[in-house]
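[1] just the structure for this:
(one chain, ligands or ions: 1)
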Amino acid sequence: MKIEGSVALVTGANRGLGRVYARELVRRGAAKVYGAARDATAVTQPGVTPVGLDITDPELVAEVAVRCADVSLLVNNAGVMQASTFIGAPSLDAARLEMETNYFGTLRMCRAFAPVLAANGGGAVVNMLSVTSFYTNPLDASYGASKAAALSLTNGIRIELHHQGTLVVAVHAGFINTDMAALVDAPKISPESVAQQAFDAVEAGQIEVLADERTRFIKASLSRDHELIYPPVQAFWDSAVTGS
Ligand SMILES: NC(=O)c1ccc[n+]([C@@H]2O[C@H](COP(=O)([O-])OP(=O)(O)OC[C@H]3O[C@@H](n4cnc5c(N)ncnc54)[C@H](OP(=O)(O)O)[C@@H]3O)[C@@H](O)[C@H]2O)c1
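    Below you'll find the predicted structure:
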């Protein structure tokens, strides 16, 4: 689909990657860009229309789908990462918040906007996933589980929405230079690069973006994950746990 002239909605548009997604949509000539955020007053970019939205609130999501009934491009960007292990975390709270936001929140948005997209000619959904949709890193283990669930959701809605002509794009990245990865000392891709690759994919009708080298390596290694992916992860974790 063409972004020029489209009407887009980006979740989590107040900061980080979502802010850059919204800016890139304006730059590419979208007719209207709704910038959805829990605090709508924090969406201040020129050309972006603020919308109050918490994706974990079913009533708000339903209201926004009515209010933004002209949307043809839905960018499900909002997400949380609690840096939580499966066994060592003090409770299930982090895992539940990540699943409630990254999986159920995204699912809720897809369900609410599927008829809106159909009414506007099919359009597209961009789901912001992660390299951890493909494999488990103990540093953000329960986050990875929620992103794996969101990948399953993305593959499923692509099948379910095909008949109405909706393109469903999965965007995977390793570390991105935003608040979420602020404490990480490792190579990071810029949010601008992720946004450009995502919207190039939308315009080209491409269903998957593997935004950086690490993500491309992990995806290419999945059929041999226990040889190529997990041994270094295990070695890193064992040395972190034993301090050696
Ligand atoms: N940064 C990375 O290394 C990285 C890598 C791969 C994928 N991702 C994914 O990229 C997306 C954007 O992340 P980011 O890097 O920009 O992180 P970020 O800087 O922490 O921003 C997260 C955004 O999501 C919003 N959000 C969180 N929970 C929400 C909710 N319940 N309803 C509505 N908005 C909510 C936040 O709003 P508030 O300001 O209200 O908190 C914020 O706008 C996420 O899906 C993330 O999982 C990030």
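
[2] show residues contacting the top helix by length along the chain.
    Among the segments of the chain that qualify as a helix by DSSP state H, the longest is helix 141-161. With CB atoms under 8 Å, 6 or more residues apart in numbering as the test, helix 141-161 has contacts from 80-86, 89, 94-95, 98-99, 101-103, 106-107, 110, 114, 117-118, 125, 127, 129-130, 132-137, 168, 170, 207. Every residue, glycine included, has its C-beta placed from N, CA and C.

[3] helix, strand or coil for residue 170?
    Secondary structure assignment for residue 170 (DSSP: H, G, I helix; E, B strand; the rest coil): strand.

[4] got the contact list for it?
    Going by CB under 8 Å, 6+ apart, residue 170 touches 127, 129, 133, 151, 154-155, 207-209.

[5] am I right that residue 82 is in a strand?
    No - counting by three-state DSSP, residue 82 is not part of a strand but coil.

[6] and the closest residue to residue 130 other than its chain neighbours, what pLDDT?
    In space, and not counting its chain neighbours, residue 130 is closest to residue 147: 4.3 Å by CB to CB, 6 or more residues apart in numbering. Note on residue 147: pLDDT of 98.

[7] same check, this time on residue 126
    99.

[8] same question, the one 10 residues further on
    We note a pLDDT of 97 for residue 136 in this prediction.

[9] tell me how far it lies from residue 69.
    39 Å (CB to CB, to the nearest Å).

[10] do residue 129 as well
    Note on residue 129: its distance to residue 69, by CB to CB, is 27 Å.

[11] before we move on, the earlier item: who's more crowded, residue 136 and residue 69?
    More neighbours surround residue 136 than the other of residue 136 and residue 69, with 18 against 13 (other CB atoms under 10 Å).
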